[in-house]
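J.: need coordinates for the following:
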Amino acid sequence: MKIQIVERSPAHDEMVGRFNSRAVLNDSPFLLGATADVGWLSKKSADQPIVRECFLAVEGGEVRGGFVLRKQDFILDGQVRTACNYQGPISEGIWDRRFALLGVQMLRAALRQEPLLYCLGMGNREQPLPKLLSAAGWPITEVPFRFKVVESGAFLREMRVFKKNRLLKWLSQAGRFSGLGQAGIAAYQGIRGGWNREAGLKVSIVHEFGDWCDGIWTESREANRFTAVRDRNSQNCLFVRFPGKNLILRMENSERVVGWAVVRATQMEGDKYFGNLRVGSLVDCMCLNGSERDVIDGAERTLRGLGCQLILSNQTQDAWLAGMDRNGWLSGPSNFLISLSPQLAKLVGDFSESLGRLHFNRADGDGPIHL
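T.: Just a heads-up that it's a prediction; the model follows:
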């Protein structure tokens, strides 16, 4: 029987339940949502500037796969364009060769819905989705990863990378117990960071984005060749309408608001990367041009105050990466990928030339779902 790609409704919930049962039996990495109500960024509210639409691959009375499209406005070379994030595609092709081509069929269906698609995250290039995108002609590159060690002793003790082989384990233990590891990390970060320029920056935790957010967006948008609209309506839709662990920080000097950041602090428990560290993340940010370093410093000070032992972020734009570098953040290997559909890639251009003027981070995908 022919497989059809349809928009999800409550009538599909029982079929999705059976699909998820099969997925669990076959050790699937994740499942489809249990109900048709997607909750966060639901399509039900027509006034939302950002929505998520769920689609299913249906064969007769059975669901064989599904995906989500997150739709919103972007600025591309100064013009407003609608684009979608292709999220969470999963199919029975993972465990049943009869459906091996279903991933391709779902991707083509998503492109028919919206040709300007992008994917974000995805783990690494060896995962099924990046392999499929690469074969389909989508350019893929890593979103740069930066981190700042706050408590180096805890960092050396808990980071799982140091436990992968005997030499790394011995070096981390020796560095921690001798104190040389802590001193080395502190010295290196200090040399890279130097002194902050805006020690008087006022950082306030606020409950929503106000008209000050629109002012920041208006003055900073032209510095970004391609970025999601980050005005007050969009940001409140993401971070206020469905509140969670995220904190909204407003940054101002004696004259005006210069930027904002969204951060979170998460206590890890046996995490495969971070062990039991308390991890802070810079989830999203925007500022007046030239204030990146100050906003990063304000976010860092807030996360330190929340007891974070390690702070991290993924950012594409050169100005934010330079601000982190100048604040002593370190660079590490990234498993957070960005990929553009061929039609969107034509408009944006080669990653090697354009990535530094794209403004993307974890707020543009599923969010900081593992942080």
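
J.: make it CA atoms for all contacts and neighbour counts henceforth
T.: Noted.

J.: so how far is T316 from D350?
T.: Relative to T316, D350 is positioned 14 Å away (Cα to Cα, to the nearest Å).

J.: more crowded one of the two?
T.: Neighbour tally, D350 and T316, criterion other Cα atoms under 10 Å: the higher count belongs to T316, 20 against 11.

J.: for the chain, what spans make up the helices?
T.: 13-25, 102-113, 128-135, 152-158, 166-178, 180-193, 211-220, 232-239, 292-305, 318-326, 342-348, 351-354 (DSSP state H).

J.: in the shortest one, what counts as buried?
T.: Spelled out, that is helix 351-354. Neighbour-count burial for helix 351-354 flags F351 (criterion: 16 or more other Cα atoms under 10 Å).

J.: need the per-residue pLDDT for the residue lying closest to K2 once chain neighbours are set aside.
T.: Spatial nearest neighbour of K2, excluding adjacent residues (Cα to Cα, 6 or more residues apart in numbering): E59 at 6.2 Å. According to the prediction, E59 has pLDDT 94.

J.: what number of residues lie near E59?
T.: Close neighbours of E59, defined as other Cα under 10 Å, add up to 14.

J.: I figured L69 was touching Y86, is that so?
T.: Yes. The pair L69 / Y86 is scored as a contact, 5.0 Å apart, by Cα atoms under 8 Å.

J.: overlap in contacts, the two.
T.: Jointly contacting L69 and Y86 under the rule Cα atoms under 8 Å, 6 or more residues apart in numbering are A110.

J.: ok, the two, which is more surrounded?
T.: Each of L69 and Y86 has its neighbours counted (other Cα under 10 Å); Y86 has more, 25 against 22.

J.: next, the contact list for that one, please.
T.: Counting by Cα under 8 Å, 6+ apart, Y86 has contacts F67, V68, L69, R70, A110, L117, Y118, C119.

J.: same question for V143.
T.: N314, Q315, T316, S334, N335, F336, L337, I338, N361.

J.: ok, back up a step: quick one: closest of the helices of the chain to L249.
T.: Comparing the helices of the chain against L249 with Cα to Cα, the closest turns out to be helix 292-305 (7.4 Å).

J.: hmm, back to that, just the contacts of Y86 now: which is nearest D96?
T.: Taking Cα to Cα as the measure, D96 lies nearest F67 of those, at 17.9 Å.

J.: so that closest one makes contact with N85?
T.: No. Checked against Cα under 8 Å, the pair F67 and N85 is beyond contact range at 10.4 Å.

J.: what touches both of those two?
T.: By Cα under 8 Å, 6+ apart, no residue touches both F67 and N85.

J.: please parse this structure into its domains.
T.: The chain resolves into domains spanning 4-114, 145-333 when parsed by automatic domain parsing.

J.: which strand residues bridge the spatially closest residue to F336 that is not a sequence neighbour?
T.: Nearest residue to F336, sequence neighbours excluded (Cα to Cα, 6+ apart): G121, at 4.4 Å. Note on G121: beta-bridge partners by DSSP bridges are L337.

J.: again, but for I5
T.: Counting by DSSP bridges, I5 forms beta bridges with A57.

J.: please apply the same query to L330.
T.: F147.

J.: lowest mean pLDDT among the helices and strands of the chain, which one is it?
T.: Least confident element among the helices and strands of the chain, by mean pLDDT, DSSP states H and E: helix 166-178 (a mean of 47).

J.: okay but the residue nearest to K2 is in contact with V6, surely?
T.: No. Contact criterion Cα under 8 Å: E59 and V6 do not qualify, at 10.5 Å.

J.: joint contacts of the two?
T.: Common neighbours of E59 and V6 (Cα under 8 Å, 6+ apart) do not exist.

J.: the nearest residue to R250 once chain neighbours are set aside: how many residues sit nearby?
T.: Spatial nearest neighbour of R250, chain neighbours left out: W260 (4.6 Å); criterion: Cα to Cα, 6+ apart. Neighbours of W260 under the rule other Cα under 10 Å: 28.

J.: roughly how far does W260 sit from T302?
T.: To T302, W260 is 12 Å away according to Cα to Cα.

J.: what do you get for F209?
T.: Remark: distance between F209 and T302 (Cα to Cα) = 18 Å.

J.: just F351 next, same as before
T.: In terms of Cα to Cα, F351 sits 33 Å off from T302.

J.: re the thing from before, list the residues that contact the residue nearest to F336.
T.: Per Cα under 8 Å, 6+ apart, neighbours of G121: N335, F336, L337, I338, R362, G365.

J.: one more time with 7 Å, if that's ok
T.: If you count contacts by Cα atoms under 7 Å, 6 or more residues apart in numbering, G121 has them with F336, L337, I338.

J.: what comes into contact with stretch 219-232?
T.: Contacts of stretch 219-232 (Cα under 7 Å, 6+ apart): 73-78, 209-211, 213-214, 217, 287-289, 357-360.
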